[in-house]
Each structure stands twice: as C-alpha cells, then as structure tokens.
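>>> A predicted structure for the sequence below; I have some questions about it.
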Amino acid sequence: MKKPVLLPSAPAVVPAGPAPAATTRPAPGPGALPGRLLGRLQRQAVPAVLALLVLVSSVLFPSFGTLDNARGITVQTSFLAIVALGMTLVILTGGIDLSVGSVFALGGVLAAWASQWGVVPALLLPLAVCGTIGAINGLLVARAGMAPFIVTLATLLAARGLLLAVTHEGATTYLVPRGSAFAELGQGTVWGFGHPVLIALALFGLGGVLLQRTPFGQSVFAIGGSSDAATLMGLSVARTRVLVYLLSGLLAGLAGALNAARLSSGVTIVGVGMELDAIAAVVIGGTLLTGGAGTVGGTLWGVLLLAVIQNLINQIGSLNSSYQSVVSGGFLIVVVLAQRYLFRSRPTP
Amino acid sequence: MTQPALAGRPAALRLPDAARLQKYGVYLAVAVLLLFNALFTEHFLTVDNLRTQLVQVAPVVIVALGMALVIGTEGVDLSVGSTMALAGALLPLYLGYGLLPALLIALLAGVAVGLVNGTLVSVVGLQPIVATLALFVGGRGLALVVADGQLKQIANPDLLALGADSLLGVPWTVLIAAALALLVAGLVHRTTFGRRLVAIGGNRTAAALAGLPVRRVLTGVYVLCGVFAALAGVLATARLTASDPSALGTLMELSAITAVVVGGTPLTGGSVRVLGTVTGALLMQLLRATLVKHDLPDSTAQIAQAAIILAAVYAARERRSR
C-alpha cells in the first residue's frame, strides 16, 4: 500500500467526510457559494428532504410514523443498501457495475441451495461465486482496459445465464430448511429491527472507514478524480479497480444471500433493474457519476429516500400502483434538479 | 491544497479503451455465424426463416439507430424501452379516430420523452444516464397508467397490416428499418446537424467554444431517439397484435446499447457507425437464433451472448493497439 501522505486529495483528508464534493469541480456560473459551505449544504440536502418528508407524512398518515412501519421499511431497504454500497465504491472510481442485479439474484439462489449443508456453505458459496464475477469485472476493466459499461453488461447476462442453469431454467426453487441458522440470519431481529438492517449498517460503517481512513480509500478517490494523475503518483490503479469491482460483486452476492435467508427461498426473478435503483440511490446521495467525489453516507440517505417514497405511495391506498414508478421517476428528477440548481456540483461544458 | 487532482478529464484514460472497439470484427462475426448456420443448421437459409429473423430484429435496429446518435454525443438513453411501452399503450386509445391520428399521438409521445431527456441533458446539464433514468422508471409507469395496467388487443386492420404485410416479399417493418438506417446514415454523414452532433460528442467544450448550438443539437438528438423508440413501439405492437405496457420494450435499452457498441460506436462519443449498429443488432439476433435452433437452453444462450460481447470488444481492442 502506498503512503496516504503522498496524496493531495481533499475528500480523504478533510475529517468531516468529503465535504468539498462540490468544490472538486470548477463551479460555473454566478452565485457559487464558498466551497466548504456549499459542500456542507450538499451533504445535508437529502437528509433534510427526507426528514421533511417523514415529518409531513407522519402527520398525514397515522400508519406511516409507526415503529412497525419503520422496521418494515428498513428491512426491505437493507438489501438494496448493501448493493448500493458496492456501487458507490465502483462509481467513485469513475466506473459502473450493471451486473449487480443479476449477481444479487444468483447469490440468493446459490445461498438457498447451499443452505441445506448449514450456514457456512450458504454464505461462502454465493460469496465465492459472486466475488469471482466481481473480480472478472475488475480484471477486464483494469487489466484489459475495457469499458465498465460493456463488461458489466456482459456479466449481467452471464450471471442470469448461470442463475438459469443452476435452477434448471427457472424450474427449480431451492428452499432454505426451516429453523436453520441461515434463515435466522435473515429473519431474526434485534429490538424489532431485522438482522439485515444491522448488517447493512455495519457494512456502511466499515465502508466509510475503508473509504475515508485507508490508503485504499484514497486511491479510490484519486482514480475517480483523475486516473492519469493517480498513475503518475504511483498508486496501484489496476489493483484498486479490481478490488472495487470485487467488493461490489461480494456485496451484491451477500445481499442476495441475506434476501434468500429472509424469504427462506432462492427466488430467481428478483434483482431485475436493481442496478438502476442502486445507481439512482448513489446519485441522489450526491456521488458524482464521473467519479472522484461522494460518500457512502450519502448513498445510505439516497436508499432511504427512495424507500420512503415507495412506502408513501403504498400508504396512499387510493393511488393506483401504476403510479408508483411515475412518482419515483418524477421524484428522481426533482432531486437531481435540486442538486443541480441549489448546489451546482457539475460543470456544464 | 483542497482541490483534488481533477484538472485532467476523469475519462482521459478510458477514452482510448472505448475508441478501440472493433472496426470490422462485427461484420466478420456475422459472416461466420451465417456460414455456420448455412452449413450446420437445418432450414436456416430459407426465405421464410431469414424473413422471420429480419422482422424480429427490426424494432431493435430502429431503437439502436436512435441510440447510436445519442451515444455519438457521449450520451446514453435508458428510457427507450419505456418509450416503446408508452407509444404502444397510447395506440389503442386513439385508434378509434383512425390510424393516422393514433400514429401521430404515439410518435408525439416519443417527441415529448425526447424533449424531457434532451432538456435535462443539454439545458440543465444532467448526466445522460441520470436524466434518462428518470423516464426509464417513470415512463413505464405512465404507460401502465395510460393503459390502466392492461394488455389491449389491436383490432385496427390498417395497423395490423403494418405489422403483418410485406412489399415484394419484404415485410413493411423491415423496409421501414432499412429506410431509417439510410436516413440516419445520410443525417450523420451528409448534413450539418450530423457533423455538429459528432463534433459535440468528440469535445463538447470545444464545440461550444466554436459557436455550435450545442443545446439545440443535443435536444434534437434525444428527440430523434425518442421518436425512433416510439416508432419501434408502434411496429412491435402491430406485429404482436396487442399492446402490452408491462412487457413491451423491457431490456430494450440494453439490446440497443449492445448493438451500438458491438457495432463499433465508442461509448465516449465522437463517432457514429450506422452500418456497424445495424450489423451489431443482426449479430445478436443471429446468435440468439443459432443457439435456439440448436436447442441450447436459455442459460447457455445468455452466457454465450455475454462471451461474444466480451470477445468481440476484446479482440477489437487488440487489433487497434497494434
């Protein structure tokens, strides 16, 4: 590992997290606030919107503000959150991982299949296979120099294919044995909050430390900022790239396994379009798709915001479920527009 | 120094990679697949089968042509599948007024989607993947809302004829796709709009400094892509004789992007390969047909498809770097 001191990259040095996310790009146009303040504002925008939304809807819908509902939302969201954590790392390096939805589904099926031999195989098998897929993504991107979009598009197809092969073209559904320790991993609770929620929170904590406090994290930011400069600085660009895709694959596989544990079965049709949800959460969380600036904390807020919107639409019982995606899409526009205009964070060449 | 090293373009290192995508590999691959099928697949080189293959690939080609224009500007349009669904869902509502008004309204939906995408990208300055993600999510919802979540049978004989009839043995869908390919090739290579599009994809800042109407051209490109997707939605609906808002066009964005990229258009913009795009779509179709005709299960087909994409892109990369 290289010495972190060598790196003049702000996001990793400022203790308060990558506050100057917005300053990492030349802010065009008039009225740009001083960098640090602007960064702080941007970090608080999504939590503020979320708080407002929760407050208003708790008043409007009595069933929304209950602890039970909070427990329900968080456990449903934790799987997407874990996937989005990996996606954040990949996007921070300026890449993208379209394969996570398929890998998520594959991880679930493998976990359910392996759970007949106990909890360790049920976790190890999906992690091994999904980690391998992630490593292949990383090697093709970093060593072979192929575009992440294409590489991960191909592994999206391949992982689905593998999933179909494992389930005999979708005809077989593997069930997790009743009362096994593996099922407990997905269904157990602490203070009413599901295990997956705690696991997701722990992973986000780890991810934050990894990103902000380690040479690896600094390399991630440096590569996303400018991979030329990172190479010139002597950072191990290729190794870092392989690692982020590997982590993304591992996390997607783990999320799939936890989901299978919760559902007690390996469902083949999950995870379709999940990559786009994860990307949306990352973007709403303030991470730049061009890489180099962002936080895992932001992603967590992004995931929560998406989940709360979805829950709200369910609460409004009279609303046709068709409207769900209309509102989600509309809200996505509103959030990115707000980010764009309130916190000018991207250049307009 | 609080500014991280962002002075260089983040994409600087990746640019050559995508630019290395193959030039002729895709034509070679189609030729090899055709040869293989001619030799080893029964009933492949029949007029009927070839016609079926072309009819199936036509909507993909049409969407991919629009996508190629967008990718040429260093953009991407994820909303094409939803646009197809929306156009398809609108059709049965207005067929009562006749085919032409219904067609116009379906295509106008494509224009509207394109205007939203284009404005978000060019005026607001959002990244294309984010801007079009919103309508990818919302567009299908709109389609479901419009259709009340239901599959609707098409009874209009004119529209059905569009999907089923042919001219001199060539189905209308195929003719339309071919005509659009010629049109797009002309647009890219023979018009000012095309030259500006490519210039903006090559270097948006330079194009803006040179005084090109960047916003107008970008918006135009997304509108074209939206209209093409809507048309593909109409033709697919006509062929299926029903409009299915929940299924029509799903994963179309991935098929279209694959066709464009396998066809040699770099994702980093600055070049549009029209013939390559058409051939790319044909390659993926041929591949699927080959695997199906040899009774390989879906799982194998998908893995093979992934392998082909990677191999094609990788092989081309080596050729270029020599």
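Here it is on my side, so go on. Numbers count the residues shown, from 1 in each chain, chains lettered A, B, ... in the order given.

>>> what's the nearest residue to the residue of chain B found nearest chain A if we skip its chain neighbours?
In chain B, the residue that lies nearest chain A is residue B:138 (2.3 Å; C-beta to the nearest C-beta). Every residue, glycine included, has its C-beta placed from N, CA and C. Nearest residue to residue B:138 in three dimensions, chain neighbours excluded: residue A:329, at 2.3 Å (C-beta to C-beta, 6 or more residues apart in numbering or on different chains).

>>> contacts only, for the one you found.
B:134, B:135, B:136, B:137, B:138, B:139, B:141 (C-beta atoms under 8 Å, 6 or more residues apart in numbering or on different chains).

>>> state the distance from it to residue B:134.
Applying C-beta to C-beta, to the nearest Å, the value for residue A:329 to residue B:134 is 5 Å.

>>> so where's the chain shaky on pLDDT?
You didn't pick a chain, so chain A it is. Scanning chain A for pLDDT under 70 picks out A:1-44, A:317-321, A:339-340, A:342-349.

>>> wait, I meant chain B there
Residues of chain B meeting the criterion pLDDT under 70: B:1-23, B:312-313, B:315-322.

>>> and the helices in it?
B:15-19, B:25-40, B:47-72, B:80-94, B:99-122, B:128-146, B:157-164, B:172-190, B:192-202, B:204-209, B:214-240, B:252-262, B:274-293, B:298-321 (DSSP state H).

>>> next one: chain A
A:10-13, A:35-60, A:67-92, A:100-114, A:119-142, A:148-166, A:181-187, A:195-213, A:215-225, A:227-232, A:237-263, A:274-284, A:296-315, A:323-342.

>>> burial count for the residue of chain B closest to chain A?
As a burial measure, residue B:138 scores 27 neighbours (other C-beta atoms under 10 Å in any protein chain shown).

>>> now it: how far from residue A:331?
From residue B:138 across to residue A:331, the span is 9 Å (C-beta to C-beta).

>>> show me what from the stretch 101-250 of chain A comes close to chain B.
Listed as neighbours of chain B in the stretch 101-250 of chain A under the rule C-beta under 8 Å from any C-beta of the partner chain: A:140, A:144-147, A:149-151, A:153-158, A:160-165, A:169, A:221-222, A:224-231, A:233.

>>> which residues touch residue A:275?
Residue A:275 neighbours (C-beta under 8 Å, 6+ apart): A:87, A:97, A:98, A:99, A:100, A:101, A:156.

>>> which one of those sits closest to residue B:36?
Nearest to residue B:36 out of those is residue A:156 (C-beta to C-beta; 25.8 Å).

>>> which residues does the closest one contact?
A:98, A:99, A:101, A:102, A:275, B:254, B:306.

>>> so can I have CSV of those showing distance to residue B:287?
As requested, these are arranged in CSV below (distance: C-beta to C-beta, whole Å):
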residue, distance to residue B:287
A:98, 20
A:99, 20
A:101, 22
A:102, 19
A:275, 23
B:254, 15
B:306, 11
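
>>> highest neighbour count among the residues you listed?
Taking other C-beta under 10 Å as the neighbour criterion, residue A:99 ranks highest of those with 30 neighbours.

>>> what sits against the closest residue to that one other than its chain neighbours?
Computed as C-beta to C-beta, 6+ apart, the closest residue to residue A:99 that is not its neighbour in sequence is residue A:155, at 4.0 Å. The contact partners of residue A:155, by C-beta under 8 Å, 6+ apart, come to A:99, A:102, A:103, A:133, A:136, A:137, B:306.

>>> quick check: closest non-adjacent residue to the fifth one.
With C-beta to C-beta, 6+ apart as the criterion, residue A:136 has its nearest non-adjacent residue at 6.6 Å, and that residue is residue A:155.

>>> centroid-nearest residue for chain A?
The residue lying closest to the centre of chain A (C-alpha atoms, centre = their mean) is residue A:84, at 0.5 Å.

>>> and the gap between that residue and chain B?
As judged by C-beta to the nearest C-beta, to the nearest Å, residue A:84 and chain B stand 14 Å apart.
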